[in-house]
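1. Would you be able to build a 3D model of this:
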Amino acid sequence: MYTVIPGPKLAGLSRDEQAKKINDDRKAANADILATMSSGERAKAEKQIELDETNYTEDYDRWRADLKAKMESALAGVATVTGGWTEYLERPEQADGIYARIFSDINQRYIVGYYPSNKSRDGKRRKIDFEVKGHPDYQIYGRRNYYR
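-> Okay, the predicted model is just below:
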């Protein structure tokens, strides 16, 4: 599974840095919206944005950042467990590159199957190891275990 997370990447940042990034992203989105409007619409929208901004406190930005960081972590975890990876779509113009990498990755995949030598169905976790002999530089992504 590949996860494409819209908005700024918060992973690896401190809580204050995350809140600032959420605030900056909101302001950039507002500026992008205003840039598409006529001058009459823009004046009305600017007043509404100014009013809205009085409701956005640092605590609110921290709360939103904390929620988004938790969602990012969960999505990245699912992607990793399934052999995929996570990308952050911070700007719309990044979409083509991200989806091209996903398509390329899918086209380079193989499906490997095998029959386990341990036939018991005891519900225990079994470890799987893969390697390509003679090619230590190859990277192999996928499940590292299963239950039988």
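
2. Report the contact partners of D129.
-> By CB atoms under 8 Å, 6 or more residues apart in numbering, D129 lies in contact with R144. From N, CA and C alone the C-beta is placed, and that goes for glycine too.

3. and it, how far is that from G113?
-> Using CB to CB, to the nearest Å, D129 is found at 15 Å from G113.

4. now do F103
-> The gap separating F103 from G113 is 24 Å, by CB to CB.

5. So the two - more neighbours on which side?
-> Neighbours around F103 and G113, counted as other CB atoms under 10 Å, are more numerous at F103. The numbers are 11 against 4.

6. Please, which helix or strand holds that one?
-> helix 95-107 (DSSP states H and E).

7. mean confidence score for that helix?
-> Averaging pLDDT along helix 95-107 gives 94.

8. elements contacting that helix?
-> Judged by 3 or more CB pairs under 8 Å, 6 or more residues apart in numbering; DSSP states H and E, the packing partners of helix 95-107 are strand 3-6, strand 86-89.

9. Starting from that helix, tell me the next helix or strand along the chain.
-> According to DSSP H and E, the helix or strand after helix 95-107 is strand 125-127.

10. elements contacting that next one?
-> Packing partners of strand 125-127 (3+ CB pairs under 8 Å, 6+ apart): strand 145-147.

11. any low-confidence regions in this structure?
-> Within the chain, not a single segment meets pLDDT under 70.

12. Including distance to I98 and mean neighbour count, could the helices and strands packed on helix 95-107 go into a markdown table?
-> Compiled in a markdown table, the helices and strands packed on helix 95-107 are given as follows (distance: least, CB to CB, whole Å; neighbours: other CB atoms under 10 Å):
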| stretch | distance to I98 | mean neighbour count |
| --- | --- | --- |
| strand 3-6 | 6 | 16 |
| strand 86-89 | 5 | 18 |
